[in-house]
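Trainee: show me how the following folds:
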Amino acid sequence: LGSCSVMRCGQGQTIARGWAGTALATSIFWVSSARALSSGGKAADEAWQNVCGAAANVVSGLAYASATHPLAQLRVPSTADAPRLCCEACDGNSSCVGWTVQWNKYHVQPYPDQSTCTLYPEIPQIWAVDRAVPPFECEPNGKSKTPPFSVAGCVNVTYDHTDSAVSGNKLRSQHHVPPPAIPPSPLPPPTARTFNILYLVADDMRPQLKSYGHPQMITPNLDKLAATALQFDFAYTQFAYCAPSRNSWLSGRRPDRTRALNFLTTFRDTANGTSWMAMPQFFKEHGWWTSSAGKVFHDGMDDAPSWSFPSKQTAWISCQPGDLTFGPTGPHQMTGNETDFDAQVNNAGCTVTSNSTVQFTNENISLGHGLARLELAHASGRPWWVSIGVHRPHAPYRSGQGFEADVLYPTALGPAHPFVPADAPFMAGNFIGEDITNVYGVGSPNITVNPNVTIDLRRYYYAATTYADHFLGMALDKLDALGVGDNTITVFHSDHGYALGEGNEWSKKTASEVATHVPLLIRVPWMKASIGRRVTAARVELVDVYRTLADFARLEAAVQPDVQGVSLAPLFSDPDHPPQLLASKPAFSQIARCECGVYTCWGPTSCNPTWNRSWYDPKGHTRGCNPLFATPENRSCFSCPPPERGAPAPPPRCGWSGTECGGNACAMIPTNRFDFMGYTMRTATRRFTAWVVWDKSKNTTDWTQPVEYELFDLSNDTGTSFDYDGYAVNVAHLPGYTAEVAALRSQLQTAVASWR
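Mentor: The predicted structure follows:
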């Protein structure tokens, strides 16, 4: 994928052919050890030869930049790799600017970054092969029907696309686009403490790291960060899925204040939202150079006012033909012709192989852009705030070659509590709309996934976690390469937790401990009392990070008054003895429910227990009603409808209570169609949730209506196990808890009222 020759840009700057500078021009990956001159000539040719060889490995997923990584390996490319992956001269014409891309069957197009060599001549023009699009349509003369690509700051750029999918037609275009105007940022105030901020974000990563008490995990880079950072053992998101969570912590406001409660709106859409300063914007306005790459703000919800230099979000790359996956017959490579298993594997696990049609992942692209921005930040002469977000371990659990699940994690255990928690109210579950689809048992509260399939799914998730750790480690290594580690605060966390079969859930989007508990590491090098320490006596929230960083910068007084959360800075002086405010503060989260109605089970033999020995449901048509509970008197009984194939209806069985909510936690449902909002409060010993009726006419909750409750006794929870027994039993309705439920409701309702 990809070859380039000479790119001649504005103001006469020339970027030598090949992968000039420290970034790959294709931005598939960053080879920090390779340096090419930016001035052409013999030296550039020699540099190109070196970098190009490394790039061949990068694109094939076999090069890992961190030499200390336990999986590090570097394949020497064969001569056959060079024509496919490396550079050719541009027909000897010094005025020609050529870019030749061999398209694969998925039509991955070159997509320009907003970087400009006019503004930053020392950094090469950054490119990404990161958009899966329909094939180009070509006129008979070979001209493209699609608009030409836009390249900021480059003059008379010619793109020469060879598309094997359209019989080798050549697509060419020439144009000039002026560079974006970037207004100057103010200098930091003289009273501020200036430092850099590296903000790392993972997607769907639960705190399953070695440093969090999981010795089987291979997470050396995050463990290394934890050894020099302050680790928060009880950290929580405010909303257990991507967009609402990111809108919350990046704006510093709780979801009830942002009104960003699903994928339909951002915090900018609420009243006064356009005047709010997001966290990176706050630092930009106070003199920091800011930018990001990958998934930081939610995909498609980027926030332009936050950036001194444009961010770069990257598109998803799912499992591809040639990837290694699993199935009922064992591991196999996808062929692209799968029918029975195609939907399943694209929502489960896979690994890049030498036969994969797409030899790279989202992380290759995100890190290429992210590390380039770290170079730009370092060259800016300002303190900087740079964020890099990786997509993994979000489903599909796709990892690069060398990170095979069966090699990294040959064994795994299933959940200790695979069933829905006892006495859970119907709105607690999120069974319709989970990440994993077409696996028998997923999507049903009354059928668990086959234990062998559960283990396969977990192993691929673990491998994706190790894969994310590797790329995050590259960002950490870059701090050392730039020599700025001692003056950089490093933050790492995920956007929310994740369930891998606990409580019969496979995803996030619930109010559970597993769905909301996140890893949080913050390294402040000059706070020596915090190095390698853990906070276990306070429950902290992602919404707290904004004020924490502002506090360290001595800018707390400048934070807008409606920014919520509290500063965690006092914990860095004495992690074992938090002040009363932090020791007593609960962590709060919320989640919406809609499309609630009668639970439906269906399928040709959906009530037949023998189906529990199966694992694959080709059409998602099996949602059983076999009992899961030892005390069926706690559940109503109901009948399945007649099976699809006309057989008589099976007899009534006991199981789920007969009602459920759909709508994928209201992800694409307007708020005026919500049914419930679940508010959760996590204290030192309790997890309490109130499911409050949503008043559709007023578009808010109505606490005067009957409320359903969940209460879990977590008195001995250490935060290091997803199988803690207390997660499995809702005690809210048991004798002896009535007064406690009333008191917790009052405390929670008062807190919620203060958020809006």
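Trainee: any idea which strand is longest in this structure?
Mentor: The longest strand of the chain (DSSP state E) is strand 587-598.
Trainee: CA atoms only for that one, dumped as PDB, please.
Mentor: Included here for strand 587-598 are C-alpha records, laid out as PDB according to Å, rounded to 0.1, in the frame of the first residue of the first chain:
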ATOM      1  CA  ALA A 587     -18.800   8.400  42.300                       C
ATOM      2  CA  PHE A 588     -21.800   9.000  40.100                       C
ATOM      3  CA  SER A 589     -22.900   7.700  36.700                       C
ATOM      4  CA  GLN A 590     -26.000   7.300  34.700                       C
ATOM      5  CA  ILE A 591     -27.500   5.400  31.700                       C
ATOM      6  CA  ALA A 592     -30.700   5.800  29.700                       C
ATOM      7  CA  ARG A 593     -33.300   3.200  28.800                       C
ATOM      8  CA  CYS A 594     -36.000   3.300  26.100                       C
ATOM      9  CA  GLU A 595     -38.200   1.100  23.900                       C
ATOM     10  CA  CYS A 596     -39.200  -0.900  26.900                       C
ATOM     11  CA  GLY A 597     -41.800  -3.600  26.500                       C
ATOM     12  CA  VAL A 598     -42.700  -7.200  26.800                       C
END
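Trainee: tell me where the model's unsure across the stretch 101-250 of the chain.
Mentor: 101-185 (pLDDT under 70).
Trainee: let me fix that, I meant to ask about the stretch 501-650 of the chain.
Mentor: Applying pLDDT under 70 to the stretch 501-650 of the chain flags residues 599-650.
Trainee: could you pull out the strands for it?
Mentor: Using DSSP state E, counting those that start in this stretch, the strands found in the stretch 501-650 of the chain span residues 506-507, 517-518, 520-523, 533-535, 540-541, 587-598, 637-638.
Trainee: do the same with the stretch 301-450 of the chain
Mentor: Using DSSP E, counting those that start in this stretch, strands in the stretch 301-450 of the chain cover 324-325, 332-333, 349-351, 384-393, 397-399.
Trainee: cool, and the stretch 151-300 of the chain?
Mentor: Ranges of strands within the stretch 151-300 of the chain are 160-163, 169-171, 196-203, 230-232, 235-236, 289-294, based on DSSP E, counting those that start in this stretch.
Trainee: would you turn the ones you listed into JSON lines with mean neighbour count and distance to residue 586?
Mentor: Glycine gets a C-beta too; all of them are placed from N, C-alpha and C. Output for the strands of the stretch 151-300 of the chain, formatted as JSON lines (neighbours: other C-beta atoms under 10 Å; distance: least, C-beta to C-beta, whole Å):
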{"stretch": "strand 160-163", "mean neighbour count": "18", "distance to residue 586": "56"}
{"stretch": "strand 169-171", "mean neighbour count": "19", "distance to residue 586": "58"}
{"stretch": "strand 196-203", "mean neighbour count": "24", "distance to residue 586": "24"}
{"stretch": "strand 230-232", "mean neighbour count": "25", "distance to residue 586": "15"}
{"stretch": "strand 235-236", "mean neighbour count": "27", "distance to residue 586": "9"}
{"stretch": "strand 289-294", "mean neighbour count": "28", "distance to residue 586": "31"}
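Trainee: shouldn't residue 395 be in contact with residue 204?
Mentor: Yes: shown here, residue 395 and residue 204 form a contact pair, counting by C-beta atoms under 8 Å, at 7.3 Å.
Trainee: mutual contacts of the two, please.
Mentor: residue 435 (C-beta atoms under 8 Å, 6 or more residues apart in numbering).
Trainee: re the thing from before, out of the strands of the stretch 501-650 of the chain, nearest to residue 729?
Mentor: Among the strands of the stretch 501-650 of the chain, strand 517-518 comes nearest to residue 729, with 18.0 Å by C-beta to C-beta.
Trainee: list the strands paired with the closest one, with their directions.
Mentor: Sheet pairing here is set by DSSP bridges, and for strand 517-518 it gives strand 235-236 (antiparallel).
Trainee: which residues sit against the strand it pairs with?
Mentor: Contacts with strand 235-236, where a contact means C-beta under 8 Å, 6+ apart, come from 207, 493, 516-520, 539-542, 587-589, 682.
Trainee: name the member of those residues with the most neighbours.
Mentor: Per-residue neighbour counts (other C-beta atoms under 10 Å) across the contacts of strand 235-236 peak at residue 589, which has 31 neighbours.
Trainee: from what I can see that one touches residue 238, true?
Mentor: Yes: between residue 589 and residue 238 there is a contact at 5.3 Å, judged by C-beta under 8 Å.
Trainee: phi and psi next, for residue 536.
Mentor: Reported as degrees, to the nearest 10, the phi and psi values for residue 536 are phi -120, psi -10.
Trainee: what distance do you get for it to residue 558?
Mentor: 32 Å (C-beta to C-beta, to the nearest Å).
Trainee: equivalent analysis for residue 221, please.
Mentor: Distance from residue 221 to residue 558, counting by C-beta to C-beta: 34 Å.
Trainee: more neighbours, those two?
Mentor: For residue 221 versus residue 558, the count of surrounding residues by other C-beta under 10 Å is larger for residue 221: 25 against 15.
Trainee: once you drop chain neighbours, what's closest to that one?
Mentor: In this structure, residue 221 finds its nearest non-sequential neighbour in residue 473, 2.7 Å apart by C-beta to C-beta, 6 or more residues apart in numbering.
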